[in-house]
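> Curious how this folds, go ahead:
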Amino acid sequence: MTSTAQPPPSGAQAAQPEHLGHVIFIAAAAAMGGFLFGYDSAVINGAVEAIRDRYDIGSAALAQVIAIALIGCAIGAATAGRIADRIGRIRCMQISAVLFTVSAIGSALPFALYDLAFWRIVGGFAIGMASVIGPAYIAEVAPAAYRGRLGSFQQAAIVTGIAISQLVNWGILNAADGDQRGEVMGLEAWQVMLGVMVVPAVLYGLLSFAIPESPRFLISVGRDDKAREVLREVEGDKIDLDARVAEIEHAMRSEHKSVFKDLLGGTFFFKPIVWIGIGLSVFQQFVGINVAFYYSSTLWQSVGVDPTDSFLYSFTTSIINIIGTVIAMIFVDRIGRRPLALIGSVGMVIGLALEAWAFSFDLVDGKLPETQGWVALVAAHVFVLFFALSWGVVVWVFLGEMFPNRIRAAALGVAAAAQWIANWAITASFPSLADWNLSLTYVIYTVFAALSIPFVLKFVKETKGKTLEEMG
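From the prediction side, this is the model:
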């Protein structure tokens, strides 16, 4: 019989660790998986046209090669929570680092198109694991007063990974005299672009040995003394450590290890809170954000931009992405998650609508008219800015916080898997949709951005300032 006695207050919500710098290092090290997530996701942007040329494939087949990694992402995300509950968060990070490393080497040295696709699936599995473990681990080790800002490290790492990948791609392209298939270090330029990921992948593996295991996992396997050490390390000596352990144990006594069937219930298969998590994930992707990172070079070239300039615009977009993420990190704990999401949705509607308008004009000599070209370029940056300062950060923070303890790992896995499936749908469909009607494609993304506003207003509750144990 589960006890209903309440544990003594621990003071965790007000805890301010004496060594905040060390807590920041722990969160940053865990978020290195997010860096690889962003890097691996976006680095393919520099290789799209080279892959099309080398293997002589059309838009539909090309889209499948680009998008197939997302199938691995969905599988990795769906299984990561279960794996983490069995072997721990740190071991999951180490497995992910190994898969990232192997994928980078394999993708850089493919024998054929199917071989490249396989290694992209492997890398996708690693991304999926990192997408779940990063925010879950950070949410479990971060003091409540800092959890929003530390949780946003995941997205900060993702956007930094995206930006670095575009900068590296641009540098390699220049080394190859603007030819994606030009020779660099004895390989074609696009192969070097994909292979460079070995460096951050190895660093991620090394950093995973320098951070502690989650106190919640330690308590779940009976290592309470070690959990107290970690809690002292991340929450400070001013809190009552025994009471804090008792608080976590009390929450865990009323739960069992989360499994898929725990998510079932309600009118439509899943519990309502799980559907809200899925909804957040789907809306985050259906606004078309990853088109800006997987296909931006191809997109700008399709409306007449020089290849080298298109790579530069991909980099400037990723810098705007970082700026927006920093804005979100500053305000996520000050004004809350919901207000940021709503502000971002409005800004995305404006940016996407302007892009749809600009792309509705016919090309003149293979280029957009000058006015429409500048509107498209500025609007693309506006869209990315508002996404980054809102949905890019708050969705990951929400998913790390919103679920009750008893279903958190499994629910986060399902929500993240839904995100990757939605990402796959957008990524796989864009080349064909763009060939059909680029302007109407952006109208579709605009509609989803607009629909996200009533969704947040009606279904999403604020999680700012609450401990994980208060979520239910």
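> Quick check, Leu20 in contact with Tyr146.
Yes. The pair formed by Leu20 and Tyr146 meets the contact definition of CB atoms under 8 Å, at 7.5 Å. Bear in mind the C-beta positions are built from the backbone N, C-alpha and C, glycine included.
> higher neighbour count, those two?
Neighbours per residue, other CB atoms under 10 Å: of Leu20 and Tyr146, the larger number sits with Tyr146, 19 against 14.
> Touching, that one and Ile26? I think so.
No. Counting by CB under 8 Å, Tyr146 stays clear of Ile26, with 11.3 Å between them.
> Could you pull out the strands in the stretch 51-200 of the chain for me?
According to DSSP state E, counting those that start in this stretch, the stretch 51-200 of the chain carries its strands in the segments 183-184, 187-188.
> nearest to Val48, of the ones you listed?
strand 187-188 (13.5 Å; CB to CB).
> neighbouring contacts of that closest one?
Ala50, Arg54, Ala108, Leu109, Gln180, Arg181, Gly182, Gly195 (CB atoms under 8 Å, 6 or more residues apart in numbering).
> Name the nearest residue to the fifth one, sequence neighbours excluded.
Counting by CB to CB, 6 or more residues apart in numbering, Ala50 is the residue found nearest to Gln180 once chain neighbours are left out, at 3.7 Å.
> repeat for the last one
Spatial nearest neighbour of Gly195, chain neighbours left out: Ala108 (3.0 Å); criterion: CB to CB, 6+ apart.
> And stretch 352-371, what's buried?
Leu352, Ala353, Leu354, Glu355, Ala356, Trp357, Ala358, Phe359, Phe361, Leu368 (16 or more other CB atoms under 10 Å).
> Turn the residues you listed into a markdown table, including pLDDT, distance to Ala61 and secondary structure.
Rendered in a markdown table, the data for the buried residues of stretch 352-371 read as follows (pLDDT from 0 to 100; distance: CB to CB, whole Å; DSSP: H, G, I helix; E, B strand; the rest coil):
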| residue | pLDDT | distance to Ala61 | secondary structure |
| --- | --- | --- | --- |
| Leu352 | 96 | 27 | helix |
| Ala353 | 96 | 31 | helix |
| Leu354 | 95 | 32 | helix |
| Glu355 | 93 | 26 | helix |
| Ala356 | 94 | 27 | helix |
| Trp357 | 94 | 31 | helix |
| Ala358 | 91 | 28 | helix |
| Phe359 | 90 | 24 | helix |
| Phe361 | 88 | 29 | coil |
| Leu368 | 82 | 27 | coil |
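> and of these, the nearest to Trp420?
Of all the buried residues of stretch 352-371, Trp420 sits closest to Leu352, with 21.8 Å by CB to CB.
> quick one: contacts for the closest one?
Contacts of Leu352 (CB under 8 Å, 6+ apart): Val287, Gly288, Ala379, Phe383, Tyr442, Tyr445, Thr446, Ala449.
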